[in-house]
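*Asks:* Structure for this input, please:
(one chain, ligands or ions: 1)
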Amino acid sequence: MKKLENKIALITGATSGIGESCAELLASEGAAVILTGRNKERGTAVANRICGQGKTAVFIQCDVTKEQEILALKNRVIKEFGKLDILINNAGILITNKLEDITEEEWQQTYDVNVKGYFFMTRHFIGMLQESNGVIVNDASVTGLPTFVQGAASYMYSSSKAAVIQFTKLCAKNYAKEVRINCICPGIVDTPIYTNRDFSRFDGKIPMGRVAQPEEIAKAVLFLVSDDASYITGVALPIDGGMAI
Ligand SMILES: NC(=O)c1ccc[n+]([C@@H]2O[C@H](COP(=O)([O-])OP(=O)(O)OC[C@H]3O[C@@H](n4cnc5c(N)ncnc54)[C@H](OP(=O)(O)O)[C@@H]3O)[C@@H](O)[C@H]2O)c1
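*Replies:* From the prediction side, this is the model:
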């Protein structure tokens, strides 16, 4: 028996990186996966690849910074799937800059995707998740943990991820009887979010001595959304090779 038979899972930012890996793994455990993102070509290609393996996947274009697009996405989920069991808020961007050089546009962009996107996705899908006794996993970051203070230019990113962690905990408490809500705090994961994929600059900063592959993050997400984590809510789980120690 697969872990997610008959479950419907929606993953934001599934056109790439961690979201793409989550879509593949959740589908391989029997979930019908709804992939979202802005890039139609990439999203369709990922969905087609998953379908080609005999699993169920569909790509629906949605920019999480636009509430109208979230509402249109919700209408399609209701129409085509009738329910939602799993929401992975994962779409995110990383902009770093020296404090003196941060522009209003950069700040706005970061907070629109990394914070507003999570808030509004949750706001609009929480009702469906209450009905299904569903689960949410928010993709935060080790950089959002209060005890982790590193990164000379990560003001916008770190503070946006700290907001996600606190948002997760508040939601987990307020909806505890109906929906389990957790967040993950990945360390350095080899994905296109980095323009420079030469990770030697992190040498000496990761106790385990290597960066993560996105599949390793997806495995933790699978655990959190499955019944194996049936009594876990409100946690911020580091998946970071020891960076948060
Ligand atoms: N890689 C790491 O080291 C790391 C560490 C900790 C946390 N994280 C978090 O993991 C999440 C995924 O990142 P990743 O590393 O997998 O990076 P990635 O490969 O660049 O993926 C980012 C995803 O977010 C989507 N996205 C960006 N802006 C969007 C918007 N306005 N609306 C909808 N989708 C949007 C992108 O899709 P489109 O371009 O198609 O819109 C893409 O699918 C992010 O929240 C990131 O902060 C990553």
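*Asks:* show me where this structure has strands.
*Replies:* 8-11, 32-37, 57-61, 86-89, 135-139, 180-186, 236-239 (DSSP state E).
*Asks:* now these as TSV including distance to the ligand, mean pLDDT and mean neighbour count?
*Replies:* For glycine as for every other residue, the C-beta is placed from the backbone atoms N, C-alpha and C. Converted to TSV, these look like this (distance: least, C-beta to the nearest ligand atom, whole Å; pLDDT from 0 to 100; neighbours: other C-beta atoms under 10 Å):
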stretch	distance to the ligand	mean pLDDT	mean neighbour count
strand 8-11	9	99	28
strand 32-37	3	98	26
strand 57-61	8	98	21
strand 86-89	8	99	28
strand 135-139	4	99	26
strand 180-186	4	99	26
strand 236-239	8	98	21
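*Asks:* what about the ones you listed, which gets the closest to K98?
*Replies:* strand 180-186 (24.3 Å; C-beta to C-beta).
*Asks:* by how many degrees do the closest one and strand 135-139 diverge?
*Replies:* 20 degrees (axes from the mean of the first three to the mean of the last three C-alpha atoms, to 10 degrees).
*Asks:* Is it possible to get a markdown table of the strands of the chain that adds distance to P146?
*Replies:* Converted to a markdown table, the strands of the chain look like this (distance: least, C-beta to C-beta, whole Å):
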| stretch | distance to P146 |
| --- | --- |
| strand 8-11 | 27 |
| strand 32-37 | 30 |
| strand 57-61 | 35 |
| strand 86-89 | 20 |
| strand 135-139 | 16 |
| strand 180-186 | 11 |
| strand 236-239 | 10 |
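*Asks:* Can you read off the pLDDT for the spatially closest residue to G241 that is not a sequence neighbour?
*Replies:* Spatial nearest neighbour of G241, chain neighbours left out: M208 (3.4 Å); criterion: C-beta to C-beta, 6 or more residues apart in numbering. For M208, the pLDDT comes out at 98.
*Asks:* Could I get the phi/psi values of M208?
*Replies:* With angles defined as degrees, to the nearest 10, M208 sits at phi -80, psi -10.
*Asks:* you'd agree it is up against P238?
*Replies:* No: using C-beta atoms under 8 Å as the test, M208 is too far from P238 to be in contact (11.8 Å).
*Asks:* From the centroid of the chain, which residue is nearest?
*Replies:* N90 (2.0 Å; C-alpha atoms, centre = their mean).
*Asks:* how about the residues of the chain that lie near the ligand?
*Replies:* 12-13, 15-19, 37-39, 42, 63-65, 90-94, 113, 139, 141, 186, 188-189, 191-193 (C-beta under 6 Å from any ligand atom).
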